[in-house]
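S.K.: For reference, the sequence and a predicted model appear below.
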Amino acid sequence: MEIKKIAIITAGGDAPGMNAAIRGVVRYGLAKKLEVMGVFRGWWGLINEELKSFDHRSVSGIINQGGTILKTARCPEFFTEEGKQRAFNTVKKYGIDALVVIGGNGSFGAAHAFYKSHGIPSMGIPASIDNDINGIDETIGWDTAINTALNAIDNIRDTATSMERVFVVEVMGRDCGLIALTVALAGGCEEVLIPERKFSIENICHEIVNGNLRGKISWILVVAEGTGKAEDISRQITELTTLETRQVVLGHIQRGGRPTAASRELALRLSKESIDCLLAGQINKVVGLCCNKIVAIPLETAIQKKEIDVEGMYHLIKTLT
């Protein structure tokens, strides 16, 4: 199948570096003589015909911006037969040959379902702060999100030490605790609570009290949002230890901000590779970095659950406490 016209979609949660990826796809695609369209508000845009032709100037001045100029939205309607049919009608109406989907696990699952039901080819560019794409080392936006959370934890440690307090810091991670594990390790935190691992609040409080008796004056626990609420855990610690405990919810601050150099570079390299793969006849794949090399893996592989060394990372955090 000859690819002459592509459309870019950013779907699911936004991630720093998405705009850099959009810029790369548009400008490299145009250099390869492709027509490029942008789809607004994710899969909603295909259902409701929210599209626009892009030229070189359409993506000027966005490489350093967080978020996505194409906007993004959750779209449960896309997973209905009617929703996919309306999206298919839009693709055919505008003469689109392939989609470039910039997003995470859910976005790629939708792209895979669209191909299976209506035969629309796509190429995935992984952009997610969760870094949850199977078969690759790092997603666009991961480095930025981790550094944003780490900067906050560094600041919290200053006041935790000064005020001699326990802090519970809640980070994103509904189903995956990789953000929490990484920032807890890099931030020198004393404990981390994640969905993949059971914990005992009584045992944690016992460690805190023993540390306090040995002269340890501060304690930082990182909790992934899928494990529990910082407010609840903080209250339990205070009740069981009588030590003053404070909670901080970083929330969506982790999604925003200017992308780091690493996030931008990865976005631009993968955007080029996505176009090259499409022009070479490779479809329904995800391009990503693996062992410092760019690879293309099948969508159905990319959406499988990513294995992380939970016990190894947790043991290291506790060993270094």
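M.R.: Here it is on my side, so go on.
S.K.: Now do residue 247 against residue 254, distance only.
M.R.: When Cβ to Cβ, to the nearest Å is the yardstick, residue 247 and residue 254 sit 16 Å from each other. C-betas here are computed from N, CA, C, even on glycine.
S.K.: Tell me which residues touch the closest residue to residue 300 other than its chain neighbours, please.
M.R.: Nearest residue to residue 300, sequence neighbours excluded (Cβ to Cβ, 6 or more residues apart in numbering): residue 112, at 5.9 Å. For residue 112, the set of contacting residues under the criterion of Cβ atoms under 8 Å, 6 or more residues apart in numbering consists of 284, 299, 300, 303.
S.K.: Residue 192: which of those residues is nearest?
M.R.: Minimum distance to residue 192 across these is 26.1 Å, recorded for residue 303 (Cβ to Cβ).
S.K.: For that closest one, give me the pLDDT.
M.R.: Model confidence at residue 303, given as pLDDT, is 95.
S.K.: That one against residue 109, yeah?
M.R.: Yes - with the criterion set as Cβ atoms under 8 Å, residue 303 and residue 109 qualify as a contacting pair; they are 4.9 Å apart.
S.K.: what about those two, which has more around it?
M.R.: Regarding residue 303 and residue 109, a neighbour count based on other Cβ atoms under 10 Å identifies residue 303 as having more, with 24 against 17.
S.K.: before we move on, the earlier item: and residue 247 and residue 254? Which one has more around it.
M.R.: The residue with the greater number of neighbours, taking residue 247 and residue 254 and applying other Cβ under 10 Å, is residue 254; the counts read 23 against 19.
S.K.: how close does the more buried one get to residue 172?
M.R.: For residue 254, the distance to residue 172 under the criterion Cβ to Cβ works out to 5 Å.
S.K.: Can you work out which residues contact both of these two?
M.R.: Contact criterion Cβ under 8 Å, 6+ apart; residues shared by residue 254 and residue 172: 129, 145, 179.
S.K.: For whichever strand or helix holds residue 169, name the packing helices and strands.
M.R.: Residue 169 is located in strand 166-171, with elements delineated by DSSP states H and E. Here strand 166-171 is seen to pack against helix 142-163, helix 178-186, strand 219-224, helix 230-241, strand 245-249 when contacts are counted using 3 or more Cβ pairs under 8 Å, 6 or more residues apart in numbering; DSSP states H and E.
S.K.: looking at it, residue 19 is touching residue 68, isn't it?
M.R.: Yes - under the criterion of Cβ under 8 Å, residue 19 makes contact with residue 68 at 6.0 Å.
S.K.: Near residue 286, how many other residues are there?
M.R.: Should you count by other Cβ under 10 Å, residue 286 turns out to have 30 residues around it.
S.K.: just checking, it is part of a strand?
M.R.: Yes - when DSSP: H, G, I helix; E, B strand; the rest coil is applied, residue 286 is found to be in a strand.
S.K.: Beta-bridge partners for it, please?
M.R.: residue 124, residue 297 (DSSP bridges).
S.K.: residues in contact with it?
M.R.: Under the criterion of Cβ under 8 Å, 6+ apart, the contact list for residue 286 reads 108, 123-126, 133, 135-136, 296-299, 302.
S.K.: Give me the pLDDT value at it.
M.R.: In this model, residue 286 is scored at 98, pLDDT.
S.K.: cool, and the one 4 residues further on?
M.R.: The score at residue 290 is 94. That number is its pLDDT.
S.K.: so where do the strands sit in the protein?
M.R.: Here the chain has its strands, by DSSP state E, at 5-10, 35-39, 51-53, 98-103, 122-126, 166-171, 191-193, 219-224, 245-249, 285-290, 293-298.
S.K.: who does the fifth one touch, helix- and strand-wise?
M.R.: This means strand 122-126. In this structure, strand 122-126 packs against strand 98-103, helix 105-118, helix 261-279, strand 285-290, helix 299-302, with contacts taken as 3+ Cβ pairs under 8 Å, 6+ apart.
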